[in-house]
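In: model the following, please.
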Amino acid sequence: MVIRTPDGDWQFLCGKNDHTDTCHTVGVGHLLDRDSSLGQLANLQLETGVERETTQHDWKCFELDE
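Out: Down below sits the predicted model:
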């Protein structure tokens with residue numbers, strides 16, 4: 001799951017809900033090394049997100065709730 005917040009920040013999430021509230025800062029280059037398809041999301045609009053079941057599935061877009 002990838003989210004573009006209203007203030008322009010990016011969040012790259014695994015989509016699971018079973019984690020603690022701990023987050024990590026990671027360079028986007030490291031993420032692109034692991035999954036180059038993330039590059040196609042460069043134009044993701046503010047207040048939107050995309051998610052997919054696996055890397056073999058297409059991204060599905062959604063709007064963030066306020």
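In: looking at this structure, which helix or strand does the model trust least?
Out: For the chain, using mean pLDDT, DSSP states H and E, the weakest element among its helices and strands is strand 10-12, scoring a mean of 90.
In: so after that one, what's the next helix or strand?
Out: Taking DSSP states H and E as the definition, the helix or strand that follows strand 10-12 towards the C-terminus is helix 28-34.
In: what pLDDT, on average, does that following helix get?
Out: When pLDDT is averaged along helix 28-34, the result is 92.
In: cool, stretch 17-25 as well?
Out: Average pLDDT, stretch 17-25: 73.
In: can you get me the start-to-end distance on it?
Out: Using C-alpha to C-alpha, to the nearest Å, the span of stretch 17-25 from its first residue to its last is 19 Å.
In: hmm, back to that, contacts for the least confident helix or strand of the chain, please.
Out: The contact list for strand 10-12 (C-beta atoms under 8 Å, 6 or more residues apart in numbering) reads 1-5, 26, 28, 31, 38, 44. (C-beta placed from N, C-alpha, C; glycine too.)
In: now those: which count as buried?
Out: Applying 16 or more other C-beta atoms under 10 Å to the contacts of strand 10-12, the neighbour count classes 2-4, 38, 44 as buried.
In: closest to F62 out of those residues?
Out: Of all these, I3 has the smallest distance to F62: 9.2 Å, by C-beta to C-beta.
In: test my guess that that closest one contacts Q45.
Out: No: under the criterion of C-beta atoms under 8 Å, I3 is not in contact with Q45, lying 11.3 Å apart.
In: quick one: contacts for the residue positioned nearest the centre of the chain?
Out: Computing the C-alpha centroid of the chain and ranking residues by C-alpha atoms, centre = their mean puts V2 first, at 1.3 Å. Residues in contact with V2 (C-beta under 8 Å, 6+ apart) are 10-13, 38, 41, 44, 49-51.
In: which one of those is nearest to D65?
Out: When the contacts of V2 are compared for distance to D65 (C-beta to C-beta), G49 wins out at 10.3 Å.
In: the closest one: how many residues sit nearby?
Out: By other C-beta atoms under 10 Å, the residues close to G49 number 20.
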